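Q: What would the 3D arrangement of this be:
(one chain, ligands or ions: 1)
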Amino acid sequence: MEEKIKSIFAEHFPYKTPEMYASAGRINLIGEHTDYNGGFVFPGAIDKVIMAAIVPNGLSQVRVYSVDIQEYAEFGLNEEDLPSQSWARYIFGVCREFQKRGAAVGGFDAVFAGDVPLGAGLSSSAALESCFAFAVNDLFNDNKVDKFELAKIGQSTEHNYCGVNCGIMDQFASIFGKKDNLIRLDCRSLEYAYFPFHPQGYKLVLLDSKVKHELVDSPYNKRRASCERVAKRLGVETLRDADIDMINSVKGDITAEDYFRAKFVVEEKDRVLAVCDALEKGDYETVGKKMYETHAGLSVDYEVSCEELDYLNDIAKECGVTGSRIMGGGFGGCTINLVKDSLYESFIKFAKEKFNAKYGHEPRVIDVVISDGARRLS
Ligand code: GLA
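A: Down below sits the predicted model:
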């Protein structure tokens, strides 16, 4: 991919050799929809990246070509210069968020491509934001903006330019990712710890339902609003400070929908910590059990699953897979599966056959390796 991007860059912008940057998509072992509730998450960066060739151009214009979409965009750096292409808004947003923080950004020329599957719940958008945030920091700010702020720049880009009121998990994982390590992140304090992840005798595999996952204008923002209403009713800042007894105590004053959303969040918060403990003991059976519990909660209480993902979860159960659940924001995308090595081949074969028989296409199998996050390549 690197050579291809460099050669396309040379065609579009022949005058100068660019610097190369990359940032990663992410998986999340457990802790879904907890980030914007001040809870814990447990993600890791993966070996699927967005990669960009970038060079400052001395103008106040950004000129950028997307290899995968085969589109070119050109925009200025003022608020009114918002580009029309949705993919370019991620880059524009990153530039604007640097400016809002008093950091430097000038015009640049860029070409980028990626292998993070789009719409599969692997945070291709966070990878794009983090790649450009890392590059802008390196090229224009001598890396003076710290990594926490880089993650927040990506998150604010989603809020202010892309219409998704997301939490910090995806951008944090993309920026802070470390090879062979998952990250336990406390989304309230942003304290984090790396957990070496070498599941002996198990594999992590994603099965993409190919149901398009699109968080913009989605019920994602509505889920967040439900949680915020319940927190407000309880008089706490976020549901991090609530437990099931507190939620039960206001059950009569909130809608049934809000009740079930909040119930899921407080249960999920505890599951992340239980999984961290289990991992430290090498107890993958408990990890897997919690993954199934998360799936059930996301499907029934949080209502972010869909028929195809529930079916993939049932198939995993039927095969005796250790853990399986919908991953990411939901409304389509992938399941993440923790599978014993000995079961891997037969599970994949069985899942493909059964899913194909019901939906007329096979799920896409995505093997992931836990890898480094944002970085300069050259
Ligand atoms: C999306 C958001 C994240 C997080 C997850 C659900 O990926 O971008 O902030 O809320 O959904 O856990």
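Q: that's a helix at M20, yeah?
A: No. Under DSSP: H, G, I helix; E, B strand; the rest coil, M20 falls outside any helix and is assigned strand.
Q: SS state for F112?
A: Following three-state DSSP, we place F112 in the strand state.
Q: burial count for it?
A: 27 (other Cβ atoms under 10 Å). The C-beta positions use only the backbone N, C-alpha and C, and glycine is treated the same way.
Q: and if you look at V275?
A: 28.
Q: Flag every buried residue along the longest strand seen in the chain.
A: In the chain, taking DSSP state E as the definition, the longest strand is strand 43-56. Residues 43-46, 48-56 are the ones in strand 43-56 that count as buried (16 or more other Cβ atoms under 10 Å).
Q: what are the phi and psi values for the residue nearest to D138 when sequence neighbours are not counted?
A: With sequence-adjacent residues excluded and distances taken as Cβ to Cβ, 6 or more residues apart in numbering, D138 is closest to R376, at 5.9 Å. With angles defined as degrees, to the nearest 10, R376 sits at phi -100, psi 140.
Q: before we move on, the earlier item: and the helix or strand following the longest strand of the chain with strand 43-56, angle?
A: For strand 43-56, the following helix or strand on the C-terminal side (DSSP states H and E) is strand 61-66. Between the direction of strand 61-66 and that of strand 43-56, the angle (axes from the mean of the first three to the mean of the last three Cα atoms, to 10 degrees) works out to 130 degrees.
Q: picking up where we left off before, what helices and strands are in contact with the longest strand of the chain?
A: For strand 43-56, the elements it packs on are helix 2-12, strand 19-28, strand 108-114, helix 124-140, helix 169-176, strand 181-186, judged by 3 or more Cβ pairs under 8 Å, 6 or more residues apart in numbering; DSSP states H and E.
Q: quick one: Y15 and G106, what's the gap?
A: Using Cβ to Cβ, to the nearest Å, one obtains 16 Å as the distance from Y15 to G106.
Q: if we can go back for a sec, by how many degrees do the longest strand of the chain and helix 124-140 diverge?
A: For strand 43-56 against helix 124-140, the angle by the same axes, to 10 degrees is 50 degrees.
Q: can you give me the angle strand 43-56 makes with strand 108-114?
A: Here strand 43-56 runs at an angle of 150 degrees relative to strand 108-114 (the same axes, to 10 degrees).
Q: pLDDT at the spatially closest residue to D180 that is not a sequence neighbour, what is it?
A: Beyond its immediate neighbours in the sequence, the residue positioned closest to D180 (Cβ to Cβ, 6+ apart) is I370, lying 5.6 Å away. According to the per-residue confidence, I370 scores 95 in pLDDT.
Q: quick one, what contacts I370?
A: Residues near I370 by Cβ atoms under 8 Å, 6 or more residues apart in numbering: 27, 44-47, 177, 179-182, 197.
Q: mind listing what K354 touches?
A: Neighbouring residues of K354 by Cβ under 8 Å, 6+ apart: 311, 315.
Q: ok, so of the buried residues of strand 43-56, who is nearest D301?
A: Distance from D301 was checked for each of the buried residues of strand 43-56 by Cβ to Cβ. The minimum falls on P43, at 21.6 Å.
Q: what's stretch 270-287 in contact with?
A: When contacts are taken as Cβ under 8 Å, 6+ apart, the neighbours of stretch 270-287 outside the stretch itself are 29-31, 34, 39-42, 182, 184, 195, 197, 199-200, 202, 290-291, 293-294, 322-323, 338.
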